[in-house]
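1. Could you work out the structure for the sequence below:
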Amino acid sequence: MAEHGEAPAQQGSTWYDWGAGIVNYANDTLNSFLGWEDLDVVNPEDGKTEKASGSEQSNEGFNQEMRKQVWGTKQFQQYIGKDVTSLLSLPVWIMEPFTILQKAAEIMEYTELLDKADQCDDPFERFAWVAAYAVSPFNAIERAWKPFNPILGETFELEVGNGVKYLAEQVSHHPPVCAAHAENEHFKYDLVSAPTTKFLGNSLEVYPHGRTRITMARSGEVYTLVPPMARVHNIVIGRTWVDASGPLKLTCPATGVQCVLEFTPCGWFSYGRHEFSGFVTDAEGKKRIHLSGKWNSHCDMVKCDFEGVPLPDMEPQRLWTNRERPANDYYSFTHFAHKCNSSEGIRVGGGSDSRCVQMTCLS
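-> Just a heads-up that it's a prediction; the model follows:
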């Protein structure tokens with residue numbers, strides 16, 4: 001015979017299991033609507049493939065209890081609303097074998113767009129090519145793994161191709177700030193990146209503070225770039241994924257021409273996910289070229305009238321298409337990211353290079 005009170009305890013457990021089942025069912029159903037249930041992710045604990053989100057996958061394979069222990073404890077409540085860039089020591093299992101300097105170098109993958117911009121005679125079309133180049137690096141931000149913060153004075157050097165040479169240095173460790181320069185016969189690219197973050201409990205907003213300048217060799221035009229913010233969702237509970245939203249602003253102070261591309265935030269059931277659109281406008285604010293696409297796949301342009309309506313018989317022109325990624329890659333690296341992580345093009349004796357530092361740490 002059961003002891004007094006045992007039956008109610010079992011009943012309570014049954015109700016709890018039933019409630020948990022309903023929550024899990026609702027979560028699976030929502031994931032099905034969002035289209036996440038058929039994508040693959042590598043679980044770092046056992047190396048096996050699980051159902052999850054592809055390029056948004058990075059932290060889903062991690063043990064949920066481990067993530068809750070790291071992020072869900074009361075001590076992290078004090079960080080809500082704060083910049084946690086320099087406040088937290090994070091576990092290595094959320095990191096990728098990549099540094100911030102290498103992450104910044106991923107903007108160099110599609111430099112042929114800048115070569116085409118420099119060779120373009122139409123000033124508005126030239127602006128459109130530069131804008132497409134500014135969009136192209138966003139295909140790499142979907143990796144939710146965190147890159148390592150380089151030590152002060154650490155460098156990264158890369159020969160991209162088409163005569164492009166890239167060099168970056170970490171000029172501040174806390175807060176992390178890097179400076180980079182790249183150039184070839186068509187352009188010069190200068191970057192100072194000093195991002196800040198805001199911890200929101202189960203998400204993290206990343207604000208891309210800094211300065212980016214692109215100089216065209218033939219015209220001498222200098223473009224300044226302000227990218228949109230990014231948000232990492234579900235860093236404690238759920239599948240981790242990254243979204244970009246807000247305006248991308250590209251301006252040329254000398255000519256007054258500018259481009260504003262609005263990145264649409266992801267809505268319910270993935271509505272508007274990855275989409276962006278905007279116009280290249282002249283010094284008087286009149287619309288000249290319409291740009292649209294998805295920041296993880298492509299960018300199109302079409303000439304338009306001053307009201308933004310495409311000109312008659314004008315077909316959209318594809319400016320940029322994202323290259324295919326390696327299949328079943330452990331960290332969802334692109335082919336270019338693998339190049340950034342290889343010893344190809346590394347300078348002999350460059351002991352401060354990120355790849356040399358990694359090899360030293362591993363040896």
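2. can you list the weak-confidence ranges in this protein?
-> Per-residue confidence for the chain (pLDDT under 70) gives these ranges: 1-79, 81-91, 344-351, 356-363.
3. Recalculate using a threshold of 80.
-> 1-94, 201-202, 235-238, 343-351, 353-363 (pLDDT under 80).
4. longest single strand anywhere in the chain?
-> strand 241-251 (DSSP state E).
5. Tell me the buried residues in it?
-> 241-246, 248-251 (16 or more other C-beta atoms under 10 Å). All C-beta atoms are positioned from the backbone trio N, CA, C, and that covers glycine.
6. swap in stretch 185-199?
-> Buried residues in stretch 185-199, counted by 16+ other C-beta under 10 Å: 186-187, 189, 191, 193-199.
7. And stretch 131-138, by the same measure?
-> 131-138.
8. helix, strand or coil for Tyr331?
-> Three-state call for Tyr331 (DSSP: H, G, I helix; E, B strand; the rest coil): coil.
9. ok, now Leu204?
-> Following three-state DSSP, Leu204 is assigned to strand.
10. now it, which residues is it bridged with?
-> With DSSP bridges as the criterion, Leu204 is bridged to Phe199, Val232.
11. you'd agree it is up against Arg231?
-> Yes - under the criterion of C-beta atoms under 8 Å, Leu204 makes contact with Arg231 at 7.0 Å.
12. okay, those two: which has more neighbours?
-> Counted by other C-beta atoms under 10 Å, Leu204 and Arg231 do not tie: Leu204 has more neighbours, with 21 against 18.
13. mind listing what the more buried one touches?
-> Neighbour list for Leu204: 84, 197-198, 231-232, 235 [criterion: C-beta atoms under 8 Å, 6 or more residues apart in numbering].
14. now with 7 Å?
-> 197, 231-232, 235 (C-beta atoms under 7 Å, 6 or more residues apart in numbering).
15. what do you get for Leu152?
-> Contact analysis of Leu152 by C-beta under 7 Å, 6+ apart lists 170, 172-173.
16. same check, this time on Phe333
-> By C-beta under 7 Å, 6+ apart, the contact set of Phe333 is Pro326.
17. That one and Trp145: what is the separation?
-> Distance of Phe333 to Trp145, computed by C-beta to C-beta, to the nearest Å: 10 Å.
18. Which helix or strand lies directly C-terminal to the one helix or strand Phe124 maps to?
-> Following DSSP states H and E, one finds Phe124 within helix 123-135. Using DSSP H and E, the helix or strand that follows helix 123-135 in sequence is strand 146-148.
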